[in-house]
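S.K.: predicted structure and sequence below. I'll ask about it afterward.
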Amino acid sequence: MRDWTSRIAQRIIDFTSGSCFAISGNLQKISNYIFIITPASVDISGDFLSPGRHVPVDTVSRPILESMNEQDLCQKRLLDLSRQADRKGIVLFSDFLNLNELNIYHQSEKLFATRTECFGGIPCAERQMIAFLPDALYYDWEYPISALKITPAYPKFAEKLGHRDILGSLMQLGIDRCKLGDILVGEQEAYLLCEETVADYFAEHLEKIRHTLVKVEPCSLCDLKATQEFQSQDGIVTSDRIDASHRVRLSSVPQSGIAFATPGEGFCQRKLMQNPSYTCHADDIISVRGYGRFIYRGEYGTTGKGRLKIHYDLYAN
């Protein structure tokens, strides 16, 4: 079970524990990641971590979950893909990674056996896929990313659908989140980036979002360039350090500020910001939990009290 995520490992253990109980079999824990399951007609002996028949689910799944570290598992998967790509001489790809996983990727770059590139289907995508590139590469390759256009079947009666509505409907189809990239929401349409392996499934089975019937059809990645909308904002901060720039005054939140990038709570250029003295640079993409993403465009002057006037573009989607 070492190579599985904790969620998948728990599902496997839950299923096999129930099956073992149904046939009056034996389930023994060999280590934190290894289990042996036998029918009632087969006896097993030895030193086990959890001796006895019909081990309850909690006594099996809880230790494995506690011993598995999500960060270590993610790093292990990426390192394994890199070694496989180097050994086989082919390009291999990860699933779509979220910001936390991309941060682990950046921390592990020096450990990879191959060169790497990341791309999410569009510039500045938040969720990105990693390509592991061997040195002796002899063929052209492309990221296995597909784009789908989602439009109301009857625009006159359609609801206003948001990112959460679309994501919820997609997840109800039983596809893991790691197979999905960014979702871009426009006025009358939305675009979904996903892995090629699930694109046809979505096109066939996604028929309704909330109460709105929708049509799903493939489109080119080039069509997505103009779909990302920004809201230009100005703010006043004490300095361009990421800790001093804690609060950017938004016109939509006049009585409170938003954390510019509190260390441990924000990402800059898809890296978790742990250094409070980091200086923001023009065109840095900053994501703050609970407040969304924006692009820091730089300063354009100072106030009478010596504070910096800054400009940034807030992601509208």
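M.R.: Alright, I've got the coordinates. Numbers count the residues shown, from 1 in each chain.

S.K.: skipping adjacent residues, who's closest to H311 in space?
M.R.: Once flanking residues are discounted, H311 sits nearest to R297: 4.4 Å by CB to CB, 6 or more residues apart in numbering. C-beta: built from backbone N, CA, C; applies to glycine.

S.K.: so what's the residue count around that neighbour?
M.R.: Look at R297: counted by other CB atoms under 10 Å, it has 16 neighbours.

S.K.: so which bits of the helix or strand harbouring it are buried?
M.R.: According to DSSP states H and E, R297 maps onto strand 292-302. Across strand 292-302, burial judged by 16 or more other CB atoms under 10 Å covers 293-297, 299.

S.K.: name the nearest of the residues you listed relative to G168.
M.R.: Nearest to G168 among the buried residues of strand 292-302, counting by CB to CB, is R293 at 20.5 Å.

S.K.: on that earlier part again, which one of the buried residues of strand 292-302 is nearest to F230?
M.R.: Nearest to F230 among the buried residues of strand 292-302: I295, at 7.4 Å, using CB to CB.

S.K.: from I175, how far off is that closest one?
M.R.: 30 Å (CB to CB, to the nearest Å).

S.K.: also F132?
M.R.: For F132, the distance to I175 - CB to CB - is 23 Å.

S.K.: which one of those two has more residues nearby?
M.R.: Set F132 next to I175 and count neighbours by other CB under 10 Å: F132 wins out with 24 against 17.

S.K.: nearest residue to that one other than its sequence neighbours?
M.R.: A85 (3.8 Å).

S.K.: tell me which element the one you found falls in.
M.R.: Short version: A85 belongs to helix 70-88, going by DSSP H and E.

S.K.: what's the angle from the first helix or strand past that helix going along the chain to helix 70-88?
M.R.: Per DSSP H and E, the first helix or strand lying C-terminal to helix 70-88 is strand 92-97. On the basis of axes from the mean of the first three to the mean of the last three CA atoms, to 10 degrees, strand 92-97 is oriented at 160 degrees to helix 70-88.

S.K.: just to revisit the earlier point, isn't the residue nearest to F132 right up against L92?
M.R.: Yes - using CB atoms under 8 Å, A85 is in contact with L92, at 4.3 Å.

S.K.: okay, and the common contacts of the two?
M.R.: Residues touching both A85 and L92 by CB atoms under 8 Å, 6 or more residues apart in numbering: F132.

S.K.: more crowded one of the two?
M.R.: A85 (23 against 18).

S.K.: can you pull the contacts of the more buried one?
M.R.: 91-92, 113-114, 132-134.

S.K.: quick check: closest non-adjacent residue to R307.
M.R.: Sequence neighbours aside, I236 is the residue nearest to R307 in space, at 5.1 Å (criterion: CB to CB, 6+ apart).

S.K.: what does that neighbour show for phi and psi?
M.R.: phi -130, psi 130 (degrees, to the nearest 10).

S.K.: could you give the bridge partners of it?
M.R.: On the basis of DSSP bridges, I236 is bridged to K309.

S.K.: show me the contact partners of stretch 164-176.
M.R.: 95, 150, 177, 180, 183, 185, 190, 192, 198, 201-202, 205-206, 208-210.

S.K.: hmm, 7 Å instead?
M.R.: Residues from elsewhere that reach stretch 164-176 (CB atoms under 7 Å, 6 or more residues apart in numbering): 150, 177, 180, 183, 190, 198, 202, 205-206, 209-210.

S.K.: repeat for stretch 189-199
M.R.: With CB under 7 Å, 6+ apart, stretch 189-199 has contacts from 120-121, 144-151, 161, 166, 175, 179-184, 202, 218, 224, 227.

S.K.: quick check: buried residues in that stretch?
M.R.: 189-195, 198-199.

S.K.: give the other helices and strands that the helix or strand encompassing A9 contacts.
M.R.: Element membership for A9 (DSSP H and E) is helix 6-22. Helices and strands touching helix 6-22, by 3 or more CB pairs under 7 Å, 6 or more residues apart in numbering; DSSP states H and E, are helix 57-67.

S.K.: what about 8 Å?
M.R.: strand 26-29, strand 35-38, helix 57-67 (3 or more CB pairs under 8 Å, 6 or more residues apart in numbering; DSSP states H and E).

S.K.: hey, least reliable of those by pLDDT?
M.R.: Ranked by mean pLDDT, these bottom out at helix 57-67, with a mean of 45.

S.K.: where's L213 relative to E159, distance?
M.R.: L213 is 11 Å from E159, by CB to CB.
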